[in-house]
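[1] Dropping a prediction and its sequence here:
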Amino acid sequence: MLNFTLQALLAWRACHKGISPRIGFFLVVLITLDGCSSPPIQPHTTATMPLVMLPASTAGIKDERAEFRQLYCDINRQVGKQLPDYRPCDAALINTGTNAAISSPAIVRTRSDWDVDIVMVPGLGWECIKNYVKNRSMFEHIAALGYELTVAQTEGLSSSGRNADLLHAHLVEHGLLDNGKKIVLIGYSKGLPDIFEALVRYPRLAGQITAVVGIAGAVGGSPLANITTRETLDLFHMVPGSECSNNDGGALESLKPSIRQQWLAEHPLPATIHYYSLATYPEPDNISFALASSYKQLSAIDPRNDSQLIFYDQIIPGSTLLAYLNADHLAMAVPIARDHAIVAGLSLDRNAFPREVLFEAIMRYVEADITNAVHKR
């Protein structure tokens, strides 16, 4: 990690440039969480399970990037410039050369009448920073289109096992398992393995959940979890307005690649659910300053990372791949820049992303895909 003296100097400098101590302290937390470390992030070990890297098509992955790109770009043409953080389509979605746009009629953006409950399961630390990141524009945008999205009350620093129990409790307490409606779960970052654990612990869920969408999901874990300490995560308690609850302290263990890979090998996901993956795969100059050092650390393994996860570790086995997104890990789902312009300017300078267009495209694609699948039965 960057030594604490440097953290203190950065905080002092921020405060003496007219930034409040609360914002300066938040910058210290971000930079500390992101800082450098000398040990290798992927330690050498002979105690590992057999692993291979295969083309997605041979691993049961359905590549629908061209179709999703068509939908995203169509929505962006129609309303993108009226929404926050506008980007041209080619600046938001990575074109790897194999997902050229397809030709299809423009969509008619009518209000959806899809009768499902949509629940998002947040990532590491969200419980601790949610009072600091209050922008609700994305939620309001898709709600106006008929897609009501709520956020599950999980614990930001707890293990995936603990959060699986909390997710199940959330669904029960809100009556979502007995209202006759299907459920779509969206897992961001660590929220995705939290969902996986719930599916295995509570088999009843498989009959109620129609889709799981992973957005920058920590499917294969993060090598950074091998070198980050629990004491570092405790800094989340210092974020202004933090409401970190008492937790089991198992978040890092749940994110270790060895743990996630072993778990996937031993727990097949329910085959009755539709799975969709979106990976963050930014161009190197689209990484925020505060995330640059962890991007470089992961680049020792593969430069195709979002500062927290390598792109291939974000794909759900047997899923439909919708997109590679030109955004770093935080930009994908944490709109800090919209609430805190000074923090954005100093530290999270690549946090802007057109999330409204993205989430509309996700929900419209998933709705159409599942509806078509039902009609074909």
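    Ah, there it is.
[2] and Leu322, backbone torsions?
    With angles defined as degrees, to the nearest 10, Leu322 sits at phi -100, psi -40.
[3] which secondary structure elements does the longest helix along the chain contact?
    Longest helix of the chain, by residue count under DSSP state H: helix 355-376. Helix 355-376 is packed against helix 65-79, helix 137-144, strand 209-215, strand 274-280, strand 320-325, with contacts defined by 3 or more Cβ pairs under 8 Å, 6 or more residues apart in numbering; DSSP states H and E. From N, CA and C alone the C-beta is placed, and that goes for glycine too.
[4] can I get these in a markdown table with distance to Ala56 and mean pLDDT?
    As requested, those are exported to a markdown table (distance: least, Cβ to Cβ, whole Å; pLDDT from 0 to 100):
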| stretch | distance to Ala56 | mean pLDDT |
| --- | --- | --- |
| helix 65-79 | 10 | 96 |
| helix 137-144 | 28 | 96 |
| strand 209-215 | 14 | 98 |
| strand 274-280 | 10 | 98 |
| strand 320-325 | 6 | 97 |
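[5] of those, which approaches Ala164 most closely?
    strand 209-215 (13.0 Å; Cβ to Cβ).
[6] just the helices in the stretch 201-350 of the chain please.
    205-208, 230-233, 251-255, 257-266, 292-299, 336-339, 341-346 (DSSP state H, counting those that start in this stretch).
[7] So which of those is the most surrounded?
    helix 251-255 (a mean of 23; mean count of other Cβ atoms under 10 Å).
[8] Run the chain-centre distance for that one.
    15 Å (Cα atoms, centre = their mean, to the nearest Å).
[9] before we move on, what about stretch 44-64?
    With Cα atoms, centre = their mean, you get 21 Å for stretch 44-64.
[10] Show the end-to-end separation of stretch 58-68, please.
    End-to-end span of stretch 58-68 (Cα to Cα, to the nearest Å): 21 Å.
[11] quick one: low-confidence parts of the chain?
    1-39, 46-47, 97-105, 377 (pLDDT under 70).
[12] For His267, the count of nearby residues, please.
    12 (other Cβ atoms under 10 Å).
[13] Same check on Ala59?
    14.
[14] between the longest helix of the chain and helix 137-144, how big is the angle?
    Per axes from the mean of the first three to the mean of the last three Cα atoms, to 10 degrees, the angle that helix 355-376 makes with helix 137-144 is 40 degrees.
[15] Pull out the CA atoms of helix 355-376 and give them to me as PDB.
    C-alpha atoms of helix 355-376 as PDB (Å, rounded to 0.1, in the frame of the first residue of the first chain):
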ATOM      1  CA  ARG A 355     -25.800   4.400 -17.000                       C
ATOM      2  CA  GLU A 356     -29.400   5.300 -18.000                       C
ATOM      3  CA  VAL A 357     -28.900   4.200 -21.600                       C
ATOM      4  CA  LEU A 358     -27.000   1.100 -20.500                       C
ATOM      5  CA  PHE A 359     -29.600  -0.100 -18.000                       C
ATOM      6  CA  GLU A 360     -32.500   0.600 -20.300                       C
ATOM      7  CA  ALA A 361     -30.700  -1.500 -23.000                       C
ATOM      8  CA  ILE A 362     -30.100  -4.300 -20.500                       C
ATOM      9  CA  MET A 363     -33.700  -4.400 -19.300                       C
ATOM     10  CA  ARG A 364     -35.200  -4.200 -22.800                       C
ATOM     11  CA  TYR A 365     -32.800  -6.900 -24.100                       C
ATOM     12  CA  VAL A 366     -33.500  -9.300 -21.200                       C
ATOM     13  CA  GLU A 367     -37.200  -8.800 -21.400                       C
ATOM     14  CA  ALA A 368     -37.300  -9.500 -25.100                       C
ATOM     15  CA  ASP A 369     -35.000 -12.500 -24.800                       C
ATOM     16  CA  ILE A 370     -36.900 -14.100 -22.000                       C
ATOM     17  CA  THR A 371     -40.300 -13.300 -23.600                       C
ATOM     18  CA  ASN A 372     -39.200 -14.900 -26.900                       C
ATOM     19  CA  ALA A 373     -37.900 -18.000 -25.100                       C
ATOM     20  CA  VAL A 374     -41.200 -18.400 -23.300                       C
ATOM     21  CA  HIS A 375     -43.100 -18.100 -26.600                       C
ATOM     22  CA  LYS A 376     -40.900 -20.800 -28.200                       C
END
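[16] Brilliant, that's me finished.
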